[in-house]
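Undergrad: A structural model of the following input is requested.
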Amino acid sequence: MATQDSTPTNLPPPARAAVALENDDRLDAVVTKASQVFAPLRESAAGSALRGEWAGHAIHPALTDLPIGMFTATAVLDLFGGEASRPAAQKLIGAGLLGALPTAITGWAEWTRADHRAQRVGVAHAALNVASLGFYAGSWLARRSDRHRLGAALAMAGSGLSGTAAYLGGHLAAARAVSSRHPAFASESEGSDFITSSGGAYNTSPTGPIP
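TA: Predicted coordinates:
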């Protein structure tokens, strides 16, 4: 049963949906499983590198531009490029699928340090991305078999899921400040250590209120 925390009534519908995910304890089983799988990224040197401590702040947002850019370019070619653009569209889909791997692993590294409510949104964000990539993979296979119209249709379906996932990612980064950063970018109250995901964004207790 979903947690019945109050949601501000003046939020736009997409934001209300994102807050509802934050409050939905039905996602906790998935959060627990993912926590076990990605636990090695929480304290390890690999996790530190993937969170961008060497760069001063999270690198995951920058990496998302690679698959999103490739998939967006594919949509433009599908809509306006004509038959001559089909080989390029297929290559863009393949490049986007390859670029999704480093993007995902840096996102999971951030997720391990996020608070519980952000992790709920994070697993929904990941699930939508996985579903989107499934459609894009199907699109690539269809194009490889010269079924380009089917490939374009599958890519459009993937684009819709990817856009929804991107909104949730934006909610985490912009509304809930889920992003590692050097302490030079933080307020004095946040301490002197490298600030990890959701530091100071809102109450990090799983049962605490959301402002």
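Undergrad: Where does pLDDT dip in the chain?
TA: Low-confidence segments of the chain, defined by pLDDT under 70: 1-9, 186-211.
Undergrad: make it 50
TA: Residues of the chain that meet the criterion pLDDT under 50 lie in 1, 3-4, 189, 192, 199-211.
Undergrad: Could you report the distance from residue 18 to residue 76?
TA: Residue 18 sits at a distance of 28 Å from residue 76 (criterion: CB to CB, to the nearest Å). C-betas here are computed from N, CA, C, even on glycine.
Undergrad: which of the two has more neighbours?
TA: Between residue 18 and residue 76, residue 18 has the larger neighbour count (other CB atoms under 10 Å), namely 22 against 12.
Undergrad: Tell me which helix or strand that one sits in.
TA: Following DSSP states H and E, one finds residue 18 within helix 13-23.
Undergrad: Tell me which helix or strand comes right after that helix.
TA: helix 28-37.
Undergrad: What residues of the longest helix anywhere in the chain count as buried?
TA: Criterion DSSP state H: the longest helix present in the chain is helix 116-144. Within helix 116-144, the residues that count as buried by 16 or more other CB atoms under 10 Å are 116-126, 128-129, 131-133, 135-140, 142-143.
Undergrad: mind checking how far residue 132 is from residue 43?
TA: In this view, residue 132 and residue 43 are 30 Å apart by CB to CB.
Undergrad: likewise residue 31?
TA: When CB to CB is the yardstick, residue 31 and residue 43 sit 18 Å from each other.
Undergrad: between these two, which one's more packed in?
TA: Regarding residue 31 and residue 43, a neighbour count based on other CB under 10 Å identifies residue 31 as having more, with 18 against 11.
Undergrad: What are the phi and psi values at residue 176?
TA: The phi and psi torsions at residue 176 (degrees, to the nearest 10) take the values phi -110, psi 10.
Undergrad: Quick check: it touching residue 118?
TA: Yes - the pair residue 176 and residue 118 qualifies as a contact (CB atoms under 8 Å) at a distance of 5.5 Å.
Undergrad: Check the offset of the longest helix of the chain from the chain's centre.
TA: Computed by CA atoms, centre = their mean, to the nearest Å, the chain-centroid distance of helix 116-144 equals 9 Å.
Undergrad: Show me what that helix is packed against.
TA: Helix 116-144 makes packing contacts with helix 13-23, helix 28-37, helix 86-111, helix 148-170 when contacts are defined by 3 or more CB pairs under 8 Å, 6 or more residues apart in numbering; DSSP states H and E.
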